[in-house]
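**Student:** this one's sequence-less:
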């Protein structure tokens with residue numbers, strides 16, 4: 001296994017952890033679903049011009065798999081993840097989410113017949129370790145009410161709900177990753193185009209949430 005994919009995977013893990021810290025501190029009263037919708041619309045607006053500049057070769061089955069991947073992994077998975085961030089905080093949510101690479105790899109063995117080599121298992125361990133190292137750097141007030149998103153439902157029931165949301169996000173994220181991998185295997189586009197398609201599919205299914213957005217922003 002070359003160094004480039006490992007570096008890309010580690011960079012992705014770091015970016016995801018850092019972005020989660022930023023989302024946790026974003027001062028907003030928007031629901032997790034509406035926050036996710038705005039994130040997806042912004043990402044599509046930024047990526048679409050770059051994706052359209054590349055040549056497209058996309059099989060219909062790949063398009064379907066990538067779209068389903070976006071709906072499951074981004075529309076549903078990221079919404080659950082944002083909701084978990086509000087209840088558990090960044091550190092605990094990402095600690096649960098750090099099990100995602102291992103879960104996805106095991107599911108890939110069962111469903112896609114892809115057995116990782118020892119070096120790839122090492123890469124999975126490094127990704128998980130990288131996320132854990134980042135999230136263990138706890139900032140003052142990170143899991144409390146100081147700054148950022150308010151913690152919904154603080155109390156004894158909050159942890160149980162938050163853990164359930166985080167586990168749901170992990171399952172949806174792993175399922176979305178498997179669908180994306182399957183789509184790329186059957187003739188999908190470049191990684192940039194695939195990411196844009198997934199985000200666009202997620203944004204489209206969430207568009208009805210725009211109806212109450214101005215009122216939610218004002219509130």
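**Tutor:** Nice, I can see it. Remember, it's a predicted structure, so these values are computed and weren't measured experimentally.

**Student:** show me the contacts for the residue nearest to the spatial centre of the chain.
**Tutor:** Closest residue to the average C-alpha location of the chain: residue 78 at 5.1 Å, with Cα atoms, centre = their mean. Neighbouring residues of residue 78 by Cβ atoms under 8 Å, 6 or more residues apart in numbering: 36, 39, 40, 169, 202. Heads up, the C-betas are built off the backbone N, CA and C, glycines and all.

**Student:** how near is it to residue 198?
**Tutor:** Computed with Cβ to Cβ, to the nearest Å, the distance linking residue 78 and residue 198 is 11 Å.

**Student:** give me the number of residues near residue 8?
**Tutor:** Using other Cβ atoms under 10 Å, residue 8 has 11 neighbouring residues.

**Student:** what's the helix or strand for it?
**Tutor:** helix 3-25 (DSSP states H and E).

**Student:** could you list the residues in contact with the next helix or strand after that helix?
**Tutor:** On the C-terminal side of helix 3-25, the closest following helix or strand by DSSP H and E is helix 32-52. The contact list for helix 32-52, computed with Cβ under 8 Å, 6+ apart, reads 23, 26, 28, 30, 74-75, 78-80, 82-83, 85-86, 192-193, 195-196, 199-200, 202-203, 206-207, 209-210, 212-213, 216.

**Student:** among those residues, name the buried ones.
**Tutor:** 23, 30, 74-75, 78-80, 82-83, 85-86, 193, 195-196, 199-200, 202-203, 206, 209 (16 or more other Cβ atoms under 10 Å).

**Student:** and those residues, which of them are in strands?
**Tutor:** Using DSSP state E, no member of the buried ones among the contacts of helix 32-52 falls in strands.

**Student:** restricted to helices, list the residues you listed.
**Tutor:** Here DSSP state H is the test, and the buried ones among the contacts of helix 32-52 give 23, 78-80, 82-83, 85-86, 193, 195-196, 199-200, 202-203, 206 as lying in helices.

**Student:** wait, residue 71 sits on residue 200?
**Tutor:** No - look at residue 71 against residue 200 with Cβ atoms under 8 Å: they stay out of range, at 10.7 Å.

**Student:** need the contact list for residue 104.
**Tutor:** 173, 174, 177, 178.

**Student:** ok, residue 124 next?
**Tutor:** Per Cβ under 8 Å, 6+ apart, neighbours of residue 124: 101, 102, 105, 116.

**Student:** which of the helices and strands in the chain ranks last by mean pLDDT?
**Tutor:** None of the helices or strands of the chain scores lower by mean pLDDT, DSSP states H and E than helix 213-218, at a mean of 54.

**Student:** and residue 117, how far from residue 123?
**Tutor:** From residue 117 across to residue 123, the span is 9 Å (Cβ to Cβ).

**Student:** and residue 193, by the same measure?
**Tutor:** Separation of residue 193 from residue 123 (Cβ to Cβ): 24 Å.
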